[in-house]
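Asker: how does the following fold in three dimensions:
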Amino acid sequence: MITIRKAAERGHANHGWLDTYHTFSFSDYQDLRHMRFRSLRVMNEDRVAPGQGFGTHPHRDMEIVTYVLSGALEHRDSMGNGEVLRPGEFQRMSAGSGITHSEFNPSPSEEVHLYQIWLLPEAKGIEPSYEQKRFDETGRRNQLQLVASRDAAAGSLRIHQDAKIYLANLDNGTKLRHELPVDRHAWLQVLRGLLTLNGHPLSTSDGAAISEETDLAIQATSDAELMLFDLS
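Answerer: Have a look, this model is predicted:
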């Protein structure tokens with residue numbers, strides 16, 4: 001079963017400095033039909049204006065992953081981490097027993113376009129931690145590249161949940177297949193471009209919840225970028 005979440009149907013808020021779309025209920029957008037999918041709780045697509053950002057705020061008991069499509073995002077947290085996240089890099093922050101952080105667009109002229117994603121952790125109260133890594137783009141050219149997993153397989157970042165996160169950059173016409181065991185689920189998020197998933201057409205910023213499917217057939221119908229979540 002594949003359930004499409006069209007980009008135009010998401011929650012939306014424009015605060016001037018922040019233009020944000022919510023796949024699942026978040027902040028003032030609340031829809032009981034779209035609260036989460038498996039352990040995937042938040043899928044926000046954000047555009048932050050130059051010189052603006054999120055001031056210091058707290059989190060706990062959440063796995064937070066961030067991926068920048070364009071621009072740059074400066075991160076600071078109560079563990080002493082201070083990094084700038086750029087396209088091609090992937091960030092994971094385990095809030096665990098409690099953390100505060102801020103996120104800021106350091107550019108005076110360019111907006112930052114990003115996805116911020118929250119997954120429910122497999123246990124509460126874990127020790128907070130942070131990782132950021134640049135992955136070689138050739139590793140996701142016309143193939144799935146593992147960027148986060150429970151066991152940090154293949155050099156991926158470690159997330160405290162039974163989930164795997166993949167990225168792929170596809171040339172027009174490229175075909176991919178991904179097998180799912182019968183007890184697994186998946187979420188596909190189109191970051192850019194056009195593709196089909198088991199024959200279903202998807203466009204930029206569309207998502208798809210996948211259950212009771214053991215074979216995923218993905219074909220790019222333009223140059224495309226995607227994120228795939230393999231979930232328990």
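Asker: in stretch 62-82, what counts as buried?
Answerer: 62-68, 71-75, 77, 81 (16 or more other Cβ atoms under 10 Å). Where C-beta positions appear, they are placed from N, C-alpha and C, glycine not excepted.
Asker: export those residues as JSON lines, with columns for secondary structure, pLDDT and distance to residue 138.
Answerer: Converted to JSON lines, those look like this (DSSP: H, G, I helix; E, B strand; the rest coil; pLDDT from 0 to 100; distance: Cβ to Cβ, whole Å):
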{"residue": "62", "secondary structure": "coil", "pLDDT": "94", "distance to residue 138": "32"}
{"residue": "63", "secondary structure": "strand", "pLDDT": "96", "distance to residue 138": "27"}
{"residue": "64", "secondary structure": "strand", "pLDDT": "95", "distance to residue 138": "27"}
{"residue": "65", "secondary structure": "strand", "pLDDT": "96", "distance to residue 138": "22"}
{"residue": "66", "secondary structure": "strand", "pLDDT": "96", "distance to residue 138": "22"}
{"residue": "67", "secondary structure": "strand", "pLDDT": "96", "distance to residue 138": "18"}
{"residue": "68", "secondary structure": "strand", "pLDDT": "96", "distance to residue 138": "19"}
{"residue": "71", "secondary structure": "coil", "pLDDT": "97", "distance to residue 138": "23"}
{"residue": "72", "secondary structure": "coil", "pLDDT": "96", "distance to residue 138": "22"}
{"residue": "73", "secondary structure": "strand", "pLDDT": "96", "distance to residue 138": "24"}
{"residue": "74", "secondary structure": "strand", "pLDDT": "93", "distance to residue 138": "27"}
{"residue": "75", "secondary structure": "strand", "pLDDT": "88", "distance to residue 138": "26"}
{"residue": "77", "secondary structure": "strand", "pLDDT": "84", "distance to residue 138": "31"}
{"residue": "81", "secondary structure": "coil", "pLDDT": "83", "distance to residue 138": "28"}
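Asker: would you reformat those residues as TSV and include distance to residue 182?
Answerer: Putting the buried residues of stretch 62-82 into TSV (distance: Cβ to Cβ, whole Å) gives the following:
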residue	distance to residue 182
62	29
63	25
64	30
65	26
66	32
67	29
68	35
71	41
72	42
73	38
74	43
75	38
77	39
81	40
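Asker: number of residues surrounding residue 164?
Answerer: Per other Cβ atoms under 10 Å, the neighbour tally for residue 164 reads 22.
Asker: hmm, it is touching residue 151, no?
Answerer: No. Using Cβ atoms under 8 Å, residue 164 is not in contact with residue 151, being 9.4 Å away.
Asker: quick check, central residue of this protein?
Answerer: residue 117 (4.5 Å; Cα atoms, centre = their mean).
Asker: phi, psi of that residue?
Answerer: phi -130, psi 130 (degrees, to the nearest 10).
Asker: surely it is in contact with residue 65?
Answerer: Yes. Applying Cβ under 8 Å, one finds residue 117 in contact with residue 65, separated by 4.8 Å.
Asker: who does residue 2 form a beta bridge with?
Answerer: In this entry, residue 2 is beta-bridged to residue 210, by DSSP bridges.
Asker: state the distance from it to residue 203.
Answerer: 15 Å (Cβ to Cβ, to the nearest Å).
Asker: same deal with residue 70?
Answerer: Taking Cβ to Cβ, one finds residue 70 at 18 Å from residue 203.
Asker: this structure: helices as residue ranges?
Answerer: Here the chain has no helices by DSSP state H.
Asker: low-confidence regions, this protein specifically.
Answerer: Along the chain, no part satisfies pLDDT under 70.
Asker: do you know how far the residue of it most remote from its centre is from residue 49?
Answerer: Relative to the C-alpha centroid of the chain, counting by Cα atoms, centre = their mean, residue 108 is the outermost residue, at 25.5 Å. Separation of residue 108 from residue 49 (Cβ to Cβ) stands at 11 Å.
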